[in-house]
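> Let's see this in three dimensions:
(chains A and B)
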Amino acid sequence: MLFPTIDFGLFFAFSFALVWSLNAYNTLKKIVLLALSLAFYASWNWRFVLLLLASGAISYCIGLYVDAAGKRPFRRLALALGVALDLAILCYFKYLNFFIAQFLTLAYALGFHPSLAFVNVTLPVAISFLTFHAISYIVDVHRGRLAASRSPLDILLYISFFPHLVAGPIVRAHVFLPQLAEPPRAGDFPLGENMLLILGGLFKKMVIANYLAVRFVDPVFTDPTQFSRFDLIVAVYAYAVQIYADFSAYTDIAIGVAALLGYRFPQNFNQPYRALGIGDFWRRWHMTLSAWLRDYLYIPLGGNRHGALMTARNLMITMLLGGLWHGANWTFLIWGAMHGAMLVVDHAYRKSALYERWGKGRLAATIDWAITFHFVCFAWLFFRSPSLDAALQYVAGIWSDNGAPNTMPTIVLPLIACGALTQIAPSWLRGAIGAALDERGLLAQAAAGFALFYFIVVMAPSAAAPFIYFQF
Amino acid sequence: MTPDRPPAPQPAASPWRWARALYAVFALIVFCFPGGMVDWLDERNASGWLSAPLAVARAIDAASAAVGTKAVGEALRGRFAAWVEDSGG
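Down below sits the predicted model:
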């Protein structure tokens, strides 16, 4: 059940009325929300609901045992067991065949012929996001950041809440669980701003991302040898806009839908292509994943506390695993390695005398932006390519022009311009327009919502492509 | 409501007020582009259990066609799709 479909529109319209009608009965409301979330997940494959329930059960039991206030023996061992179980589920479904393939390649290269077969396994939707939510809960409980929840209902709802279930944002337990303690109030969230957030997300996905993908990016990345150097270069920038429009659209809709149901989610994007430096980029792009990797991987590895060499090692490990999290493919590992290496350079530069002396002026900021933006776009080339060979073929095509005619459709440039607008529009604009709509009342809200929705439906293609981050 | 929570802002204090705006938007969109809902219900009505909503959707479709909003929506969609197709590539 994708967000921009009639299925989800009807599901949300039904859920909205049902959930708010039960607002005075918090436990009943949470039971209904859980049932709705499981139904949402079951719309892909009902068998994987069992996986969701198992993950919730592990988190609940381990959470109770490792609670910092409990003073139980072997708390650390129990935590390790919980994390290992979560990771084992993730590895089985997502990485087992990748590791088997690497093992077989190595074995054949060394002259061995092991009888090892690939496992026939279907990748459950949202398995990575599910795992991250589960791990963050038990680790935070172990660290004493929050008390273990006594309510299995709350834990299951935290892990399975349908707005964030499939592609985030990654909501921390200490942010979400307290919100379940008492019924939310509609008035805590402005309707106008959240309606604009959802409709803006629909526009980014249905119009910008879909058309860029279908009309230009997908054909170019499918067979780069058929396209000119110009097309190949523009397609890289077009993909940068597409992936931003696609993923930020999902999280905008998720945040807006959660707010309309009375729950607050953290921000996940903050105009990332304006970043000055790769460190800044990761503070603006998929912010909840960056924070997760920082808190549960980079800092436990030692962070920047043990000298420059160890900091570089920790950054590389974090980004390599961050890359691998996106999928079992060498392209993601290389993408992660590129970002890790650039973070090491960025980290060293920000601490250098060069930066102190020359790095803070307007010209330096412009150079910073240009290097960061073009590096990020170049790294997307590896992220998007279906294989390492295809990525290298793409780079070769940029390096040596094959003389093919330019075929970029005219619509690509306006779409890229729309993507650029999302990066330079003032962050307060949506809130200000939403507040103005709220002040003018129901008629203005409905009229503005209808006009924007109408505009999107007129422009949207007939079929909705899946969100890019569904596969992760 | 706990004492440490400030009062909710008045303009949007009721979810039912939100519901009126949201459902109005949904209803208007279905009225302007009724074809999508008819097709959606039709695809899922193999066993006939959606006959009643399908009949309602068809009635909305007929009403939308009668007042001309369906034709306007289809024409605009067709024109935009044609422009995208004509833009090369």
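> mind listing what residue A:308 touches?
Contacts for residue A:308 were tallied using CB atoms under 8 Å, 6 or more residues apart in numbering or on different chains; they are residue A:348. Using the backbone N, CA and C atoms, a C-beta is placed for each residue, glycine as well.
> Can you name the next helix or strand after the strand or helix carrying it?
Per DSSP states H and E, residue A:308 falls inside helix A:307-326. The helix or strand immediately downstream of helix A:307-326 is helix A:330-350, counting by DSSP H and E.
> Please list the residues outside that next one that contact it.
With CB under 8 Å, 6+ apart, helix A:330-350 has contacts from A:277-279, A:282, A:304, A:308, A:311-312, A:315-326, A:355, A:359, A:375, A:378-380, A:382-383, A:385-388, A:391.
> now swap in stretch A:29-40 and tell me
A:1, A:11, A:15, A:18-19, A:22-23, A:49, A:52, A:153-154, A:156-157, A:160-162, A:165, A:180, A:183, A:261.
> how far out from the middle of the chain is stretch A:14-33?
Averaged C-alpha coordinates place stretch A:14-33 at 27 Å from its chain's average position (CA atoms, centre = their mean, to the nearest Å).
> got it, and stretch B:48-62?
The answer for stretch B:48-62 is 14 Å, by CA atoms, centre = their mean.
> Can you mark which positions in that stretch are buried?
Neighbour-count burial for stretch B:48-62 flags B:50, B:54, B:57, B:60-61 (criterion: 16 or more other CB atoms under 10 Å in any protein chain shown).
> swap in stretch A:384-391?
Buried, per 16+ other CB under 10 Å, within stretch A:384-391: A:384-385, A:390-391.
> Same question for stretch A:423-435.
A:430, A:434-435.
> With respect to residue A:210, which of the residues you listed is nearest?
Proximity of the buried residues of stretch A:423-435 to residue A:210 (CB to CB) peaks at residue A:430, which lies at 21.7 Å.
> Who are the contact partners of the closest one?
Residue A:430 touches A:193, A:196-197, A:200, counting by CB under 8 Å, 6+ apart.
> could the residues you listed be laid out in JSON lines, adding secondary structure and pLDDT?
As requested, the contacts of residue A:430 are exported to JSON lines (DSSP: H, G, I helix; E, B strand; the rest coil; pLDDT from 0 to 100):
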{"residue": "A:193", "secondary structure": "helix", "pLDDT": "84"}
{"residue": "A:196", "secondary structure": "helix", "pLDDT": "90"}
{"residue": "A:197", "secondary structure": "helix", "pLDDT": "92"}
{"residue": "A:200", "secondary structure": "helix", "pLDDT": "93"}
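> Quick one, which of those residues are buried?
For the contacts of residue A:430, buried by 16+ other CB under 10 Å: A:193, A:196-197, A:200.
> Check the residues you listed and tell me the two furthest apart.
Applying CB to CB across the buried ones among the contacts of residue A:430, the maximum distance is between A:193 and A:200, 10.2 Å.
> circling back: quick one: the buried ones among the contacts of residue A:430 as JSON lines, columns for distance to residue A:236 too.
Shown next, in JSON lines, are the buried ones among the contacts of residue A:430 (distance: CB to CB, whole Å):
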{"residue": "A:193", "distance to residue A:236": "33"}
{"residue": "A:196", "distance to residue A:236": "30"}
{"residue": "A:197", "distance to residue A:236": "29"}
{"residue": "A:200", "distance to residue A:236": "25"}
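> I'd like the mean pLDDT over the longest helix belonging to chain A, please.
Longest helix in chain A, counting residues (DSSP state H): helix A:229-260. Mean pLDDT, helix A:229-260: 93.
> for it, packing partners?
For helix A:229-260, the elements it packs on are helix A:162-165, helix A:191-203, helix A:210-212, helix A:218-222, helix A:362-384, helix A:388-399, helix A:412-424, judged by 3 or more CB pairs under 8 Å, 6 or more residues apart in numbering or on different chains; DSSP states H and E.
> Residues touching the fourth one, excluding its own?
What that stands for is helix A:218-222. Residues contacting helix A:218-222 (CB under 8 Å, 6+ apart): A:227, A:231-232, A:235, A:239, A:384-386, A:390, A:394, B:89.
> could you give the angle of the helix holding residue A:308 to helix A:330-350?
150 degrees (axes from the mean of the first three to the mean of the last three CA atoms, to 10 degrees).
> one step back: how big is the angle separating the longest helix of chain A from helix A:191-203?
150 degrees.
> CA atoms of the helix or strand following helix A:229-260 as CSV?
Using DSSP H and E, the helix or strand that follows helix A:229-260 in sequence is helix A:278-282. Extracted C-alpha coordinates of helix A:278-282, given in CSV (Å, rounded to 0.1, in the frame of the first residue of the first chain):
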residue,chain,number,x,y,z
ILE,A,278,30.1,16.5,3.7
GLY,A,279,29.7,16.6,7.5
ASP,A,280,27.1,19.3,7.1
PHE,A,281,25.5,17.2,4.3
TRP,A,282,25.0,14.3,6.8
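> same for helix A:278-282, what does it pack against?
By 3+ CB pairs under 8 Å, 6+ apart, helix A:278-282 packs against helix A:330-350, helix A:362-384.
> Swap in 6 Å and give it another go.
Under the contact criterion of 3 or more CB pairs under 6 Å, 6 or more residues apart in numbering or on different chains; DSSP states H and E, helix A:278-282 touches helix A:330-350.
> Determine how far the helix it packs on lies from the middle of the whole chain.
For helix A:330-350, the distance to the chain centre is 19 Å (CA atoms, centre = their mean).
> Quick check: next helix or strand after that helix?
helix A:353-358.
> average pLDDT across that following helix?
Helix A:353-358 comes out at a mean pLDDT of 84.
> Touching that helix from outside, list them.
Helix A:353-358 has contacts (CB atoms under 6 Å, 6 or more residues apart in numbering or on different chains) with A:349, A:364.
> again with stretch A:252-265
So stretch A:252-265 is contacted by A:3, A:19, A:163-164, A:169, A:171, A:179, A:184, A:189, A:194, A:197-198, A:201 (CB under 6 Å, 6+ apart).
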